[in-house]
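# Provided below are the primary sequence and the corresponding predicted coordinates.
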Amino acid sequence: MKLNKKIKRVGIVAGVLLIALIGIGKAFDIPVLSTGVNYVLYPFEKGITLITNGTSQIYERFKKVDELIAENKALKEEVDQLRAKQVVAERVSDDLKRLRSALDMKEVYVDYAGIGANVIGRDYGNWNKVYTIDVGINQNVQNNSVVLADGGLVGHVEEATNVSSKVITLLDSRSAVGIEVSRTGDVGILRGDIELANDGLCLLEINGESEIVKNDQIITSNLSDVYPPGILIGKVEEVKVNSNDLVTYAYVRPVVDFEHLKQVLVISADDQ
Amino acid sequence: MRAIVLGSLLVIMHSLESTLFQYIRIGGIGPNFMIMIIVSFALLRGSKEGMIIGAFSGLLYDISFGMHIGPTLLSYMFIGFVCGKFNKNFYRENFIIPFICTLISSLFYGAVNIMAFILRGKLSFVYFIKSIIIPELIYTITLSLIIYQIAYLINEKIEEHEKSSRNIF
């Protein structure tokens, strides 16, 4: 009996304290609970990721020596070709700059300075695709910062805490991105879809009159609050035939390989 | 003592699941170790501890990967509570009841997740059941036989230690 009373008292005090903490956090817009828990989880997840990455590299080093030698040779040839092309490209870009300044045009493409980060955790349920990365408010990452990898879009930061942040990927069924078909200029909405997520595809909803075809390139549109315009997303894999002419659905394959995602680049809101 | 051991067990399990156990996914579907742990300890120790363990592991999941704090916490807590009710009615060495409890809990958690998708207007039940719930169920109940043995051993050790010093947990 005495024991039960003590448990009750401890429970009530803990509950009240928890609610007060969450309330204070909400008032000042600080994720109190998440920050606390992430300080505990961070060393574990970071450590395990480091060890797995390190050991798999050692194993692969011995396995892939022949492959690497052949690849090195091919890459060297490619570098020579690219050097020749670069000279031409530099001349063209100089011309472009000169002509642009003559026409008083603004720079269209901006180089975003970003922070490199590692993926240290993945959602272990089978319903959502959420990742944890090892940078946070301490590294100037905020909510709604944009995450890139391999030159393509990964998603955005849903909640940033001091040491780590939660990233919602394109494949997650709760994410939606405003996109543009770079060939025709049509705008549409790209959603994650749970039935396609395990195949690494997303669902694109676009106006029925747009003439979208396979292998069209998809980039972010300039209609979004979160995503800056002109970031590459992927290519159209398949256009679904629809009975009505209002909406066309298409499957889009992102350039990012979500299965083997290890390093990402985070662009914070200030740089945009 | 019990609180420290179980707390660190859950934290380590959570970290392992989100990092290393990504490699044991089959066809993109992984098992749910948290349900196995909750069911095992709820059956071994009763409703009260089942609820506390369920709430703690649900909180960890909701904070790390959820949008809101609550859905997983409440469903894991419910699983812990209901499974704890069987504590007095079975022999600990019996492994049929943990097996059946894990099966029903896993189905219940799947149903809660389907509910979230229905509210967002996604109604492809056949896909959900055939491609996510059934494979996850089979994977989870198979591994639950091993996890229950480990939970049983851990519980034995803690109870032995507790005989000398009495605590609230």
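Received it, and whenever you're ready, just let me know what you need.
# center of chain A - which residue?
residue A:154 (2.0 Å; Cα atoms, centre = their mean).
# what's the nearest residue to that one if we skip its chain neighbours?
Closest residue to residue A:154 apart from its sequence neighbours, by Cβ to Cβ, 6 or more residues apart in numbering or on different chains: residue A:147 at 4.3 Å. Every residue, glycine included, has its C-beta placed from N, CA and C.
# picking up where we left off before, using the three-state scheme, assign the residue nearest to the centre of chain A.
strand (DSSP: H, G, I helix; E, B strand; the rest coil).
# mind listing what's buried in whichever helix in chain B runs longest?
Criterion DSSP state H: the longest helix present in chain B is helix B:134-162. Neighbour counts over helix B:134-162 (16 or more other Cβ atoms under 10 Å in any protein chain shown) mark B:135-137, B:139-141, B:143-144, B:147-148, B:151-152, B:154-155, B:158 as buried.
# and the residues you listed near chain A, which?
Checking the buried residues of helix B:134-162 against chain A by Cβ under 8 Å from any Cβ of the partner chain, the ones in range are residue B:136.
# nearest to residue B:80, of the buried residues of helix B:134-162?
Nearest to residue B:80 out of these is residue B:151 (Cβ to Cβ; 13.1 Å).
# quick revisit: doesn't the residue nearest to residue A:154 fall inside a strand?
Yes: counting by three-state DSSP, residue A:147 falls inside a strand.
# count of neighbours near it?
Using other Cβ atoms under 10 Å in any protein chain shown, residue A:147 is surrounded by 27 other residues.
# quick check: beta-bridge partners of it?
Beta-bridge partners of residue A:147, counted by DSSP bridges, are residue A:155, residue A:266.
# okay, it and residue A:184: tell me how far apart.
Residue A:147 is 27 Å from residue A:184, where distance means Cβ to Cβ, to the nearest Å.
# re earlier: nearest to residue B:76 among the buried residues of helix B:134-162?
For the buried residues of helix B:134-162, the nearest to residue B:76 is residue B:140 (13.7 Å; Cβ to Cβ).
# OK, contacts around the closest one?
B:31, B:32, B:35, B:36, B:102, B:106 (Cβ atoms under 8 Å, 6 or more residues apart in numbering or on different chains).
# just give the closest residue to the third one, not the sequence neighbours.
The shortest distance from residue B:35 to any non-neighbouring residue, by Cβ to Cβ, 6+ apart, is to residue B:105 (5.2 Å).
# now do the same for the one you found: its pLDDT.
Note on residue B:105: pLDDT of 94.
# against chain A, how distant is the most centrally placed residue in chain B?
What sits nearest the mean C-alpha location of chain B, by Cα atoms, centre = their mean, is residue B:35, with 1.5 Å. Using Cβ to the nearest Cβ, to the nearest Å, residue B:35 is found at 11 Å from chain A.
# where in the chain is pLDDT low?
Using chain A. Applying pLDDT under 70 to chain A picks out residues A:1-3, A:104-112, A:269-272.
# look at chain B instead
Along chain B, the model assigns pLDDT under 70 to residues B:165-169.
# beyond the longest helix along chain A, next helix or strand please.
In chain A, with assignment by DSSP H, the single longest helix is helix A:65-103. Once the chain leaves helix A:65-103, the next helix or strand it forms, by DSSP states H and E, is strand A:115-122.
# what element comes up after that next one heading to the C-terminus?
Next along from strand A:115-122, by DSSP H and E: strand A:130-133.
# is that following strand positioned near chain B?
Yes: using Cβ under 8 Å from any Cβ, strand A:130-133 reaches chain B at A:130, A:132.
# that strand pairs with which strands?
By DSSP bridges, strand A:130-133 pairs with strand A:115-122 (antiparallel), strand A:165-169 (antiparallel).
# going by contacts, tell me the helices and strands next to the very next helix or strand once past the shortest one.
By that I understand strand A:165-169. Next along the chain after strand A:165-169, taking DSSP H and E as the criterion, comes strand A:176-181. Here strand A:176-181 touches strand A:187-191, strand A:217-220, going by 3 or more Cβ pairs under 8 Å, 6 or more residues apart in numbering or on different chains; DSSP states H and E.
# check contacts around residue A:119.
Contacts of residue A:119 by Cβ under 8 Å, 6+ apart are A:49, A:131, A:132, A:133, A:261, A:262, A:263, A:264.
# quick check: residue B:102 touching residue B:143?
No: Residue B:102 lies out of contact with residue B:143 (Cβ atoms under 8 Å); the separation is 9.0 Å.
# tell me which parts of the stretch 51-200 of chain A are close to chain B?
So the stretch 51-200 of chain A meets chain B at A:52, A:120-128, A:130, A:132, A:158, A:166, A:173-174, A:194-195, A:198 (Cβ under 8 Å from any Cβ).
# angles on the backbone of residue A:260, please.
The phi/psi pair for residue A:260 (degrees, to the nearest 10) reads phi -110, psi 30.
# I am finished for the moment; much appreciated.
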